[in-house]
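Student: show me how the following folds:
(one chain, ligands or ions: 1)
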Amino acid sequence: MTEYDERAEANGWNDRYVEGRTGWDLGAAPPALLREIRAAMDRHTERGGGRRLRVLVPGCGRGHDALAWARAGAEVVGMDFARLAVKEATALAERAGLPVRYVEANVLELDPAFVGAFDLVWEQTCFCAIPLEARRGYAIAMSEALDQEGALLGLFWNHGNEGGPPFDVAPDHVLEAFAGVLEERDRYAVSDSVPARTPEFVMRLGRRA
Ligand SMILES: C[S@@+](CC[C@H](N)C(=O)[O-])C[C@H]1O[C@@H](n2cnc3c(N)ncnc32)[C@H](O)[C@@H]1O
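Tutor: Below you'll find the predicted structure:
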């Protein structure tokens, strides 16, 4: 099995930002996310969470999703190891006047300060960017980021093509990576994906009962 080379991966992703090869960047949060944000904020209010919902956005890129969570009132950390992505995300948040904390870090190696620190991990096009041999590490790191009642909510692109990134993500790929760590709670096919991203599904995973 190939070994994950963090520096090469981070440099490779940063180069994509430097060269403007960022075709995955939708420039805004997709409809499925906006719906999930409304539902998550309602759920959080119903449960009487006196504090703000704490959300981690791994592989946040330029931070459009992180901004959408912050706009809805969540306390957000966006994490990415591509230096330029973090810089651009920070500038976008400043321009929007929204308080997002961006961290330049490898999502596979969670800082101890983030262990158990989140109610929700929002995942879009990070899992599919992680080489197959490192996905298990991603699953473990993301579950460690969640507090006991926390959940990972992901929007996954099941394009069915060979190779990557972005790698094809079928429901079984997610379930395999998270097996024994988090388990499926809910899943649905997305009907209003942006045309370049069909088909997609949303899956919610929580701690094993
Ligand atoms: C396909 S892009 C998606 C970016 C963003 N989620 C979006 O939808 O615009 C994947 C992102 O994940 C980041 N990434 C990949 N592997 C990572 C890792 N191990 N740690 C931190 N960031 C990572 C890349 O730098 C890149 O910004």
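Student: how near is Ala66 to the ligand?
Tutor: Using Cβ to the nearest ligand atom, to the nearest Å, one obtains 9 Å as the distance from Ala66 to the ligand. Yep, even glycine has a C-beta here, placed from its N, CA and C like the rest.
Student: check Cys60 too.
Tutor: 6 Å.
Student: out of everything not next to it in sequence, what's closest to that residue?
Tutor: In this structure, Cys60 finds its nearest non-sequential neighbour in Gly78, 3.4 Å apart by Cβ to Cβ, 6 or more residues apart in numbering.
Student: tell me which element that neighbour is part of?
Tutor: Gly78 belongs to strand 75-80 when assigned by DSSP states H and E.
Student: is Val57 located within a strand, as I assumed?
Tutor: Yes. Under DSSP: H, G, I helix; E, B strand; the rest coil, Val57 sits within a strand.
Student: need the contact list for it.
Tutor: For Val57, the contact set (Cβ atoms under 8 Å, 6 or more residues apart in numbering) comprises 63, 65-66, 69, 76-79, 121-123.
Student: is it in a bridge, and if so with what?
Tutor: Note on Val57: beta-bridge partners by DSSP bridges are Gly78.
Student: please list the residues of this protein that sit near the ligand.
Tutor: Contact residues (Cβ under 6 Å from any ligand atom) of the chain with the ligand: 9, 13, 24-25, 59-61, 79-82, 85, 106-108, 124-126, 129-130, 166.
Student: repeat that for 8 Å
Tutor: 4, 6, 9-10, 13-14, 16-17, 22, 24-26, 57-62, 64-65, 79-82, 85, 105-108, 124-126, 128-130, 134, 138, 165-166 (Cβ under 8 Å from any ligand atom).
Student: just the buried subset of those, please.
Tutor: 9-10, 13-14, 16-17, 22, 24, 26, 57-62, 64-65, 79-82, 85, 105-108, 124-126, 128-130, 134, 138, 166 (16 or more other Cβ atoms under 10 Å).
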